[in-house]
Structure formats: C-alpha cells, structure tokens
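Chemist: test case, fold it:
(2 chains)
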Amino acid sequence: MVASSGDVDSFDRSIRLEVYRTIVADGDPPAAEDLAAELRVTPPEVEASLRRLADAHALVLQPGTSAIWMAAPFSAVPTPFDVSVGDRHYYANCIWDALGIPSCLHADARIDSSCPDCAEPLQLEVHDGGLQEPADGVLHFAIPAARWWEDIGAT
Amino acid sequence: MLLFRSEEHVRRWAEGRGIPLGGTLTPHQGWRLADAWFHDRLDLEWRRRTPEEAQALFASIGLTGPFWDLLG
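Modeler: Numbering: from 1, shown residues only, chains lettered A, B, ... in the order given. The predicted structure follows:
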C-alpha cells in the first residue's frame, strides 16, 4: 500500500486501518517503523499520524512514546480479558472491549475472564452474532461515562 | 469495565475498596453495547461517535441517568 501524508485525514485513516490489520493478523500492533515501511512513508510522518489519532481518541499510545497501547477493543499488553477467535488469542482492554472483538471481527469468540471479587473463572461466548446462553455475570462500570477519557487506562 | 460473578460480588468488591457502585449491565446489554459500538471499527471510513450519538446509543439499550450522561 502506498499512502500520501499530503491528505492528513486520508493518511490517518490508512494508518489507523493498517494498525488494526496488523493487530488482527499478528495479535500485536505494529511499530511506527513497520507502518512506515508498509505504507512507504517516513517514520516521523507515521509518528505524527499516531499522535493525531491518539489526540482524537482513535488510539491510545504508551505515555511519552509512539508505541500503541490500545486500539480499542484490542490491547497491546496482557489483560484479564483473553479473547479466543478460532486458534487466535487477543487481549481486550475491558469486558466491553472483549465483547467488541467478536463484533468488529464478525466472528465467533470465547471470552475468558475472572471475577475480580472471588477470582472464579468466568466465560462468555459469542456465536453467530449473538451471546450464547448461559450468559452469566454482571458487567460493572466504575467510572461515570463523562469521565472515561480522564484516565482511559483506569477506565 | 469488569465482569463479576453477580451483583453481590460487585458490591463486596466495591465496598472492600471504598469505591462507589457505578453502572451495571447484564451480559446481554453488554453485548448490545459492544456490538453497536465496535461492529464498524475495522472499516476504513470509521469515525468516532459524537457525544450526542453515543448518548443516543446508551439510551437505546436502557443506559440512562446521571452515570451515563455525556452531555452535561
């Protein structure tokens, strides 16, 4: 793919999509250098795009770096939300995002998590675009919606 | 956003940490929220929802009240 950084919006869309394509294929986000090579642009152009995408809340970068931490619903670091799609495994940022992985992939998935109170393993499964029964448990959002982006890592 | 075994486990966990109870969803509400929120995330033309659009989505699955308010 060849991308031009002349049209910022179009360029950023290409960068964002390539980030997701890499995560879906490899389980991990690409480094800026890899994105630059794939899209035939320079690493500084990619880093500037990643910062714009982070400012727009389309991605979350590791603080002080251009390394991708979250491309919701995917997490670049291990979390208590393990999502199995076929023989692939992904980490989600939270239980909402864990359910978002089968949605955005339009695929069946099994979510393995555990109760933060008692540590009992909990599973949810999505098949054919729906949640499978039994779908036990309760999702809890600790932070009011208007404050989610004050500290997205904690959210 | 975490997945608990039951409401009782949410309460015990929150009390143990001095955290106010927040918003709770059933897994089916959670799936509806996630599916509406993420189904188009891999589309090239994806764009972030406006607060008004997000608020309408929350309301469509019964998430109303101050905890879910995005518009002040």
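
Chemist: mind listing residues that contact stretch A:76-91?
Modeler: The set of residues that contact stretch A:76-91 without belonging to it, under Cβ atoms under 8 Å, 6 or more residues apart in numbering or on different chains, is A:23, A:27-29, A:67-70, A:74-75, A:92-95, A:97-98, A:101-102, A:105, A:107-114, A:116, B:3. C-beta: built from backbone N, CA, C; applies to glycine.

Chemist: could you redo the last one with a cut-off of 7 Å?
Modeler: Counting by Cβ atoms under 7 Å, 6 or more residues apart in numbering or on different chains, stretch A:76-91 makes contact with A:27-29, A:68-70, A:74-75, A:92-95, A:97-98, A:101-102, A:105, A:107, A:109-114, all of which sit outside it.

Chemist: of those residues, which are in range of chain B?
Modeler: The overlap between the contacts of stretch A:76-91 and the neighbours of chain B (Cβ under 7 Å from any Cβ of the partner chain) comes to A:C94, A:I95, A:S113.

Chemist: quick one: which of those residues sit in helices?
Modeler: In this view, these that belong to helices under DSSP state H are A:I95.

Chemist: which of the ones next to chain B among the contacts of stretch A:76-91 has the most neighbours?
Modeler: In terms of neighbour count, A:I95 stands highest of these at 27 neighbours, by other Cβ atoms under 10 Å in any protein chain shown.

Chemist: quick one: secondary structure of the nearest residue to A:T42 once chain neighbours are set aside?
Modeler: Of all residues not flanking A:T42 in the chain, A:A36 sits nearest, at 5.8 Å (Cβ to Cβ, 6 or more residues apart in numbering or on different chains). Using DSSP: H, G, I helix; E, B strand; the rest coil, the secondary structure recorded for A:A36 is helix.

Chemist: residues in contact with A:A36?
Modeler: When contacts are counted by Cβ under 7 Å, 6+ apart, A:A36 is found next to A:T42, A:P43, A:V46.
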